[in-house]
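Student: Below are the sequence and a predicted model for it; my questions follow.
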Amino acid sequence: MSKNTYSYEDFLIEMIDGIPVIKINIMRATVKEVKSFKQILDSLVAANHRKMIIDFSECSFVDSAIVGVMINTVKEIRKLNGDVVTVTPAGGINNIFAQTGLSKIFKQYEKLDLALASFSV
């Protein structure tokens, strides 16, 4: 497995076998972080990444501004036959996804290795 890691203030981007894993490295992802989050996702799309993983393992809350960026990105990538999946461990974010219907939009996995494996099927 090949890995490269890039760090931004609130996000950690790790390339694992060519798939960007964007780790939300803060407890609460809010409108305050939306600009940098959008820039990261836009740059990955511009670099022709058609598979992405957004990892919420360290995050317990996400607001609608962050969700909006995620939805726009997944729509764009799915038009190009790609996908964005999430790592949402039990509790916290997983419950938010279930309550808001996001679980119908994003494929969710409890662990990163399962999310990575979903792209090799």
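Tutor: Great, that's in hand.
Student: So, low pLDDT: which residues of the protein?
Tutor: In the predicted model, the chain carries pLDDT under 70 at residues 1-8, 121.
Student: Mind giving me the packing neighbours of the strand or helix carrying Asn95?
Tutor: Asn95 belongs to helix 92-100 when assigned by DSSP states H and E. For helix 92-100, the contact count by 3 or more Cβ pairs under 8 Å, 6 or more residues apart in numbering; DSSP states H and E identifies strand 61-62 as packing neighbours. Every residue, glycine included, has its C-beta placed from N, CA and C.
Student: what's in contact with the strand it packs on?
Tutor: Ile24, Met27, Arg28, Ala29, Thr30, Phe56, Gly92, Ile93, Ile96 (Cβ atoms under 8 Å, 6 or more residues apart in numbering).
Student: biggest separation within the residues you listed, which pair?
Tutor: Pairwise distances across these peak at 14.9 Å for Thr30 and Gly92 (criterion: Cβ to Cβ).
Student: Can you tell me how far the closest residue to Arg50 other than its chain neighbours is from Met27?
Tutor: Distances taken as Cβ to Cβ, 6 or more residues apart in numbering put Gly82 closest to Arg50, at 2.9 Å, once the chain neighbours are dropped. In this structure, Gly82 lies at 29 Å from Met27, with Cβ to Cβ, to the nearest Å as the measure.
Student: So which of those two has more stuff around it?
Tutor: Counted by other Cβ atoms under 10 Å, Gly82 and Met27 do not tie: Gly82 has more neighbours, with 17 against 10.
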